[in-house]
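Q: compute the structure for the input listed below.
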Amino acid sequence: MNYEPLNLRYCLSPLRPCLYPYRQFVSYLFICLISILSLSIQAQSLEIIREAEIPSYTQVSQDRRGQIYLSNAEGVVYRLDTLGKKDLVYAPSKVSEVSYLEAQSGLRIFLFYRELQCYTFLDRFLTEKSQYCLPQEEIGFAQSIALSADNTLWIFDNSRFSLKKYNPQANFIILDTPLDLVLDFRNYAITQMREYQNTLYVLNEKKELLIFDNFGNFQQSVKAKDWTFFNFHEDEIFGISEDKLILINLYKNEERSLTLPSDQDWKYLVASKENTWIGFTAKKMYWMRLKK
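A: Residues are numbered from 1 along each chain as shown. Okay, the predicted model is just below:
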């Protein structure tokens, strides 16, 4: 038997003036559904699920197991437990602010004291294992410093305006890249420097993100919006701009954002386990997850 195709005009007569032919109507609904889903993804936001008061701090770092480390203006380092309480404490023999704190490896914690031009290694129990001072003959003044994956140090030498890679075991400069030909050395201040996946990222006070390869060659400068810090999560680099967490893929031209609770003055943020984030204000830390 032959059947006539379904005629929507008779099935949905109240909507007759605005109906399309059947196939066009289904396509229209599909496009609308995709648009709604896209808007939903773009509008994702984080909600606070837990909070805890923390001691005053100037630096934050996280190891591979997700444990949080804080350091303060006196050089004291704290490890926090899962509730945000002090778990372990390290107090240095000399009072000086920690300018750079790196605990990523989990087996050793690296501390750099810019004022003293010295650095210290702690074990995972925050016991001091070794302490060294940078040689002034080879390194004038290290404004910023970062650990490299090959156990050497990246050093931004402010007095000679150069990027150096230094082997502390051999007391030898491996690489020395003058920067005066690619950067303006006048009033140049570095706020953060970190190596990630064989690339060095440097943030300056002008909110510019400078990118160097693993040989110290300058690659490019990227405007880092309003970032006062940056961090990494898998293949993304992220920072905060206004009340948005901006995540940029390192290998694709893709950017996404998550809306942060707007009633907080966020100082730092780390990615935690099970799709949660930990945000820091001056006095508290907050555990957050995607709002359902």
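Q: look up how far Asn158 lies from the spatially most central residue of the chain.
A: In the chain, the residue lying closest to the centroid (C-alpha atoms, centre = their mean) is Asn231, at 0.9 Å. Between Asn231 and Asn158 the distance is 24 Å, computed by C-beta to C-beta, to the nearest Å. Backbone N, C-alpha and C define where each C-beta goes, glycine included.
Q: repeat for Ile68
A: For Ile68, the distance to Asn158 under the criterion C-beta to C-beta works out to 30 Å.
Q: same thing with Asn204?
A: With distances taken as C-beta to C-beta, Asn204 is found 12 Å from Asn158.
Q: okay, now Lys85: neighbour count?
A: The burial metric for Lys85, expressed as a neighbour count using other C-beta atoms under 10 Å, is 11.
Q: show the contacting residues for the residue lying closest to it once chain neighbours are set aside.
A: Computed as C-beta to C-beta, 6 or more residues apart in numbering, the closest residue to Lys85 that is not its neighbour in sequence is Ala52, at 7.4 Å. Applying C-beta atoms under 8 Å, 6 or more residues apart in numbering, one finds that Ala52 lies in contact with Leu83, Gly84, Lys85, Lys284, Met285.
Q: find residues that contact each of Asn204 and Asn158.
A: Common neighbours of Asn204 and Asn158 are listed as Tyr188, Ile190 (criterion: C-beta under 8 Å, 6+ apart).
Q: residue ranges with poor pLDDT in the stretch 1-150 of the chain?
A: Counting by pLDDT under 70, the ranges of the stretch 1-150 of the chain that qualify are 1-43.
Q: swap in 80 and give it another go.
A: For the stretch 1-150 of the chain, residues meeting the criterion pLDDT under 80 lie at 1-43, 106.
Q: quick one, strands of it?
A: Counting by DSSP state E, counting those that start in this stretch, the stretch 1-150 of the chain has strands at residues 46-53, 59-62, 68-71, 77-80, 86-90, 100-102, 108-113, 118-123, 128-133, 142-147.
Q: list the buried residues in the fifth one.
A: Residues of strand 86-90 classed as buried: Leu88, Tyr90 (neighbour count, 16 or more other C-beta atoms under 10 Å).
Q: the longest one too?
A: Neighbour-count burial for strand 46-53, with 16+ other C-beta under 10 Å as criterion, is recorded at Leu46, Ile48.
Q: and that strand, which strands flank it?
A: Taking DSSP bridges as the criterion, strand 46-53 forms sheet pairs with strand 284-290 (antiparallel).
Q: put the alpha carbons of the partner strand into CSV.
A: Output of strand 284-290 as CSV, limited to C-alpha atoms (Å, rounded to 0.1, in the frame of the first residue of the first chain):
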residue,chain,number,x,y,z
LYS,A,284,41.4,31.1,52.7
MET,A,285,41.5,28.3,50.3
TYR,A,286,38.5,27.1,48.4
TRP,A,287,37.7,23.8,46.8
MET,A,288,35.5,24.2,43.7
ARG,A,289,33.9,22.1,41.1
LEU,A,290,31.8,22.6,37.9
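Q: on that earlier part again, just name the closest of the contacts of Ala52 to Pro168, please.
A: For the contacts of Ala52, the closest approach to Pro168 (C-beta to C-beta) belongs to Met285, at 32.5 Å.
Q: wait, isn't Ser105 in contact with Arg64?
A: Yes. With contacts counted by C-beta atoms under 8 Å, Ser105 reaches Arg64, the gap being 7.0 Å.
Q: more neighbours: which of these two?
A: Taking neighbours as other C-beta under 10 Å, Ser105 and Arg64 compare with Ser105 leading, 13 against 10.
Q: residues in contact with that one?
A: Asp63, Arg64.
Q: now swap in the one 5 residues further on and tell me
A: Residues touching Phe110, when contacts are defined by C-beta under 8 Å, 6+ apart, comprise Tyr100, Leu101, Glu102, Ala103, Tyr119, Thr120, Phe121, Leu147.
Q: can you rerun that using 7 Å?
A: Glu102, Tyr119, Phe121, Leu147 (C-beta atoms under 7 Å, 6 or more residues apart in numbering).
Q: before we move on, what about Trp154?
A: If you count contacts by C-beta under 7 Å, 6+ apart, Trp154 has them with Ile145, Ala146, Ser148, Leu163, Lys165, Met193, Glu195, Leu200.
Q: and what of Leu260?
A: Residues in contact with Leu260 (C-beta under 7 Å, 6+ apart) are Leu46, Ile240, Asp243, Lys244, Leu245, Trp266, Gly279.
Q: among those, which are located in strands?
A: Judged by DSSP state E, the subset of those located in strands is Leu46, Ile240, Lys244, Leu245, Gly279.
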